[in-house]
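1. let me see the structure of the following:
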Amino acid sequence: MSIPSHIIDQIRDSCHIEEVVGDFVTLKKQGASFKACCPFHQEKTPSFVVTPSKGIFKCFGCGKGGDSITFVMEHESMSYPEALRFLGGKYSIEIPEENEKSNEQKEEQRHKESLLIVLAFAQKFYRENLINTDEGKAIGGSYFKERGFIQKTQEKFELGYAFDEWDSVLKAATEKGYSKEYLEDTGLIIKKNEDKQYDRFRGRVMFPIHNVSGRTIGFGARALKKDQQPKYLNSPETEVYQKSHILYGIFQAKNPIRKEENCYLVEGYTDVIALHQAGIENVVASSGTSLTEGQINLLKRFTDRVTLLFDGDKAGLKAAIRGIDIILEQGLDVQAVVLPEGHDPDTFVTEQGGEKTKNYLQSKVKGFVQFTYDALTFDVDNPIERAETLGEVCRKIALIPQEFKRAFLSKELAYIMDADEKNIITEVNKHLYRKYETQIKNYHSNKKYDEDKVNNNNSKMRELNRVNFFLPFESVRNDIDTQIETILSENKEVNSRVAFRLYEDEVIRLLVNYGYLTTNEGMYICDYILEEINEIPTINPNYSQIRILFENARLLNKKISKNWLISTCPQDLKGVVVDLLTKSYKNHKEDRVSVEWKKRMGIILLHESEQLDKVIPHTILNLKRVYSKGLLYENLREIKRSSQKIQEIEKLLNIYQGLKTQEIEISNELGIVIQGYSL
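-> Take a look at the predicted model:
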C-alpha cells in the first residue's frame, strides 16, 4: 500500500539516526560521530559508525550502511513500508494509510490478516493436541521423543499434532466463530462440495512454517502410519504462503545466520530442528523443493555465504549440484559439506552430537569449485568426463557476477584439474560474452535516454563492459602481432581497466560528497563534474543511476544536498550512496585526527575538501587518461584481429596514433611521462 510522499519526508526529517540506532545498540560518542560493535556481524573492535550530521550509519567491517529506515529494515527484518510505520510510531507521526487504500485494497488486507489469525489458531490447536491430550502424547509425543526432540525444542518450533479425525480442526475453529471460507483459503480444510468439508491434516505431526517476523503462514505435516500417503503433506499456496519466497526455520535462524555470517542449507524440517537442538542454529531448509530466486533473496538479507549439506549419495550429488546455479547468479559464496554415506544432517548430528558435528562441518567444508569437481567426476582418468566437468564448472563460474571471484575460481579450477588457465579463461569468456551482451541490451532498453544518445553510447558501453572478461590470449601471427602481444601480455590492459574502475569510484565519490558546493568561479561542482565526464560512459550501473539523479536535479533546478540524495535515491541504491558518503573514514587519515590534537601538536593536514580545486580536476583527468588508454588497447586488439590487408592496418594505425596523441596530451596536463609504443 502507498504511504504519501510528504509523510515519508516528515518521517525522514524527524528521525535522528543516533536515537533510532541507539534503541538497539549501545553507542559511544567519538568526536562528531558515534561508534559501537556492529549489530549485524560478530566483532570485538568497534567498526560501526553513526554520523548524525549525514543521518547515516556505516559498518566498515561487514559493509552494511544506510539511513534510519535502512537500519530498521536490516535489524528488524522489516519491509520498507513496515519500517516507515515503525518509525512513524516512534515519532508520533500518523500515517493515514487507510485513506490511501481503495476498497479492494482494504478488503485484501483484511482477508490476509484474517488468514493469519486463523492459522495462529490452528497452530495453537495442534500444539494443545500434542501436549494436553492422551492421543497427542501417545502418538505425536512418542514420535518426537523417538527423534530426540526435547520439550524446549518442540516449544521453540511450536510443533504439534493433528488428530486422526476427519473434522477436528474444522469443528474447533467453527465453534470459536472462524469462517469456513477462511479455513478453506488457508488450506486447513478441503471442500468437496457444499455440504462436505474435511480437515486436510489428519493423524500427522505438525511443523508450523513461519515467516521472517514469526507468524504462522502454513504447515508441513508428516504421516505416522506406514500406509499413509503422502509421507509429507504441505499447506497449499495461499495469499500468505508462497513456497518460493520462504525457507523453513528462517525466523529461528535469522539472527544466528547474521552472527555466524553463514547459512547451512538442508532439505527437511527434522534436519533443521536436530541441528538447532545441537547448537547449530544458522540453518534453514528448502523443504524438498528446488531453490528459487525469492528464497535466495530472502537469505541475502542475512548473509552472503551459503553452505549446502548433502548426504553421501554420489548420484544424488550430481543431480543436486545443478540446482545451485541460482545461488551463484545472486552473488552468494557457495560452499558444501558431504556427510558420510547413509547419513543425513538429522541422523548424523543425533549420532555424533553437536560438538563433533560442528568440527566435522568446519573440517570437511569445500569451496564451490572443488566440491563441483568432486561431485561431477566419477572417473578422473576418463578424458571425456574430465572435459565435460571442466565445461560445466566454467559455465557455473560465468554465472558469478563478481569479476574477482571469477578470476580466483578460474585459477583454482586450473590448479585442481591441472589444466591450462588460458583455456579455462577462454571457456568462461564464451558464457560471459552471451551473458553481458544480453545485460547491456536490457540495461539500455530500460533507460529513458533519447534515441541518439542510446545509439551513441551502446558501442562504448559494450566496449567498457568487456572489462568483465578475461583476456583470450591468442598465438603470435607475424611481426606486428609480436609487438602488440608484448604489450598485452604485460597485463597493461588489465591494469588500465582496474585503474578505470578506481578513478570512476573516486569521481562519483567526489560528486556525491561535494556536488552541492560551488567552485571559486561560482559554478556548482555537480555541474563541473557532470560536464567534464559527459563523454565517458559509466560501466557501473549504480553509478549510472547516480549520474541520472544529479542530471535530473540540474534540469529541474532542484537544490542538491547529501540529505536530498539519501532521500531521493531508490532503496536498492541507498547502500551504494552511503558507501560513497562514508568512504573518507577509511581513505583519509586526516579524518581521524581531532581538531584539538591538530592545534596542540601544530599539525597541518589539509582535508581533501580544502583543496577540491586540485583534487577534482586531477581525478577527472586521470579518469579521462585511463579511458583513452582503454580505447587504445581495444584498437590494438582490433589490429591483432585484422586481416593482413594494408588498407585495414593503416586505418587502424591512424586511429591508434590519434588515441595515443590524446593520451599524451592528458598525461602532460598531469605531469606524467608516457613511453611510446613502437609499431
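2. what about Pro340, distance to Ser609?
-> Noted for Pro340: a distance of 60 Å to Ser609, by Cβ to Cβ, to the nearest Å. (C-beta placed from N, C-alpha, C; glycine too.)
3. how near is Asp420 to Gln370?
-> Counting by Cβ to Cβ - Asp420 and Gln370 are separated by 19 Å.
4. give me the beta-bridge partners of Leu189?
-> Rather than Leu, residue 189 is Ile. Judged by DSSP bridges, the bridge partners of Ile189 are Asp199.
5. just to revisit the earlier point, more crowded one of Asp420 and Gln370?
-> Per other Cβ atoms under 10 Å, whichever of Asp420 and Gln370 has more neighbours is Gln370, with 17 against 10.
6. do I have it right that the more buried one meets Leu413?
-> No. Using Cβ atoms under 8 Å as the test, Gln370 is too far from Leu413 to be in contact (9.0 Å).
7. what about the stretch 51-200 of the chain, any weak spots by pLDDT?
-> Scanning the stretch 51-200 of the chain for pLDDT under 70 picks out 97-102.
8. in it, which spans are strands?
-> With strands called from DSSP state E, counting those that start in this stretch, the stretch 51-200 of the chain shows them at 56-59, 65-66, 160-162, 189-193, 196-199.
9. any idea which of these is most buried?
-> Greatest average neighbour count among the strands of the stretch 51-200 of the chain goes to strand 160-162 (a mean of 27), per mean count of other Cβ atoms under 10 Å.
10. next one: that strand to chain centre, how far?
-> Chain-centre distance of strand 160-162: 37 Å, with Cα atoms, centre = their mean, to the nearest Å.
11. who's in contact with that strand?
-> Strand 160-162 has contacts (Cβ atoms under 8 Å, 6 or more residues apart in numbering) with 123, 125-130, 133, 135-136, 139-141, 168-169, 199, 201-206, 208, 221.
12. now stretch 541-556
-> Contacts for stretch 541-556 (Cβ under 8 Å, 6+ apart): 443, 447, 504, 508, 511-512, 515, 526-527, 530, 538, 558, 560, 564-565, 568-570, 573, 576-577.
13. how about low-confidence regions in this structure?
-> By pLDDT under 70, the low-scoring segments of the chain are 1-2, 97-102, 288, 312-316, 318-319, 436-498, 520-522, 583-608, 610, 635-679.
14. center of it - which residue?
-> The centroid of the chain falls nearest to Lys300 when counting by Cα atoms, centre = their mean (4.7 Å).
15. that residue contacts Leu332, correct?
-> Yes. Applying Cβ under 8 Å, one finds Lys300 in contact with Leu332, separated by 6.7 Å.
16. what separates the residue nearest to the centre of the chain from Asp572, distance-wise?
-> Taking Cβ to Cβ, one finds Lys300 at 12 Å from Asp572.
17. likewise for Asp9?
-> Using Cβ to Cβ, which is the criterion applied here, Asp9 is 20 Å from Asp572.
18. again with Glu135
-> 51 Å.
19. of those two, who's got more company?
-> Remark: of Glu135 and Asp572, Glu135 carries more neighbours, 15 against 9, as counted by other Cβ under 10 Å.
20. ok, now which ones touch the more buried one?
-> Residues counted as contacts of Glu135 (Cβ under 8 Å, 6+ apart) are 129, 161, 163-164.
21. also Ile525?
-> 510-511, 514-519, 612, 616.
22. could you chop this protein up by domain?
-> 5-98, 102-241, 377-468, 479-670 (automatic domain parsing).
23. can you put the ones you listed in JSON lines and add distance to Asn255?
-> Shown next, in JSON lines, are the domains of the chain (distance: least, Cβ to Cβ, whole Å):
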{"stretch": "domain 5-98", "distance to Asn255": "9"}
{"stretch": "domain 102-241", "distance to Asn255": "11"}
{"stretch": "domain 377-468", "distance to Asn255": "26"}
{"stretch": "domain 479-670", "distance to Asn255": "21"}
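24. for those domains, which one sits closest to Leu291?
-> domain 377-468 (13.6 Å; Cβ to Cβ).
25. need the contact list for Pro401.
-> Each residue near Pro401 by Cβ under 8 Å, 6+ apart is listed here: 329, 331.
26. that one and Asp346: what is the separation?
-> Distance, Pro401 to Asp346, using Cβ to Cβ: 34 Å.
27. what's the nearest residue to Ile7 if we skip its chain neighbours?
-> Ile95 (5.7 Å; Cβ to Cβ, 6 or more residues apart in numbering).
28. what about that neighbour, how many neighbours?
-> For Ile95, using other Cβ under 10 Å, the count is 20.
29. that one contacts Ile3, correct?
-> Yes. Between Ile95 and Ile3 there is a contact at 5.8 Å, judged by Cβ under 8 Å.
30. list residues touching both of these two?
-> In contact with both Ile95 and Ile3: 84-85, using Cβ under 8 Å, 6+ apart.
31. buried subset of the contacts of Ile525?
-> Among the contacts of Ile525, the ones that count as buried by 16 or more other Cβ atoms under 10 Å are 510-511, 514-516, 612, 616.
32. buried set for the helix or strand where Tyr543 lies?
-> Per DSSP states H and E: Tyr543 is located in helix 541-555. For helix 541-555, burial by neighbour count (16+ other Cβ under 10 Å) applies to 542-547, 549-550, 553-554.
33. need these in TSV (columns: distance to Val365).
-> Formatted as TSV, the buried residues of helix 541-555 follow (distance: Cβ to Cβ, whole Å):
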residue	distance to Val365
Asn542	32
Tyr543	36
Ser544	38
Gln545	37
Ile546	38
Arg547	42
Leu549	42
Phe550	45
Ala553	48
Arg554	51
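34. ok, those vs Arg147, which is closest?
-> Asn542 (47.7 Å).
35. spatially nearest residue to Arg12, not counting backbone neighbours?
-> For Arg12, the closest residue by Cβ to Cβ, 6+ apart turns out to be Ser567, at 5.4 Å.
36. quick one: name whatever helix or strand follows the one helix or strand that neighbour maps to.
-> Using DSSP H and E, Ser567 maps to helix 562-568. Downstream of helix 562-568, the first helix or strand assigned by DSSP H and E is helix 574-582.
37. quick one: that following helix to helix 541-555, angle?
-> 80 degrees (axes from the mean of the first three to the mean of the last three Cα atoms, to 10 degrees).
38. and the contacts of helix 574-582?
-> 49, 51, 54, 56-58, 60, 63-67, 70, 508-509, 512-513, 542, 546, 562, 565-566, 569.
39. about what we covered before: distance of the residue nearest to the centre of the chain from Glu74?
-> Distance from Lys300 to Glu74, by Cβ to Cβ: 11 Å.
40. measure how buried the closest residue to Ser79 other than its chain neighbours is and give me the count.
-> Spatially, and ignoring its direct neighbours in sequence, Ser79 is nearest to Met73 (7.1 Å; Cβ to Cβ, 6+ apart). By the criterion of other Cβ under 10 Å, Met73 has 22 neighbours.
41. report the contact partners of Met73.
-> Contacts of Met73 by Cβ under 8 Å, 6+ apart are 66, 79-80, 82-83.
42. do that again at 10 Å, thanks
-> Counting by Cβ atoms under 10 Å, 6 or more residues apart in numbering, Met73 touches 66-67, 79-84, 86, 301, 571, 574.
43. from these, which land in helices?
-> 80-84, 86, 574 (DSSP state H).
44. quick one on the thing from earlier: list buried residues within the contacts of Glu135.
-> 129, 161, 163.
45. just give me the closest of those residues to Ile190.
-> Nearest member of those to Ile190, counting by Cβ to Cβ, is Phe163, at 15.9 Å.
46. got phi/psi on that closest one?
-> For Phe163, the backbone dihedrals (degrees, to the nearest 10) come out as phi -60, psi 150.
47. quick one, what contacts it?
-> Phe163 sits next to 125-126, 129, 133, 135-136, 139-140, 169, 172, 199, 201-204 when contact means Cβ under 10 Å, 6+ apart.
48. most widely separated two among those residues?
-> Spanning the widest gap among these are Ile139 and Ala172, at 18.1 Å by Cβ to Cβ.
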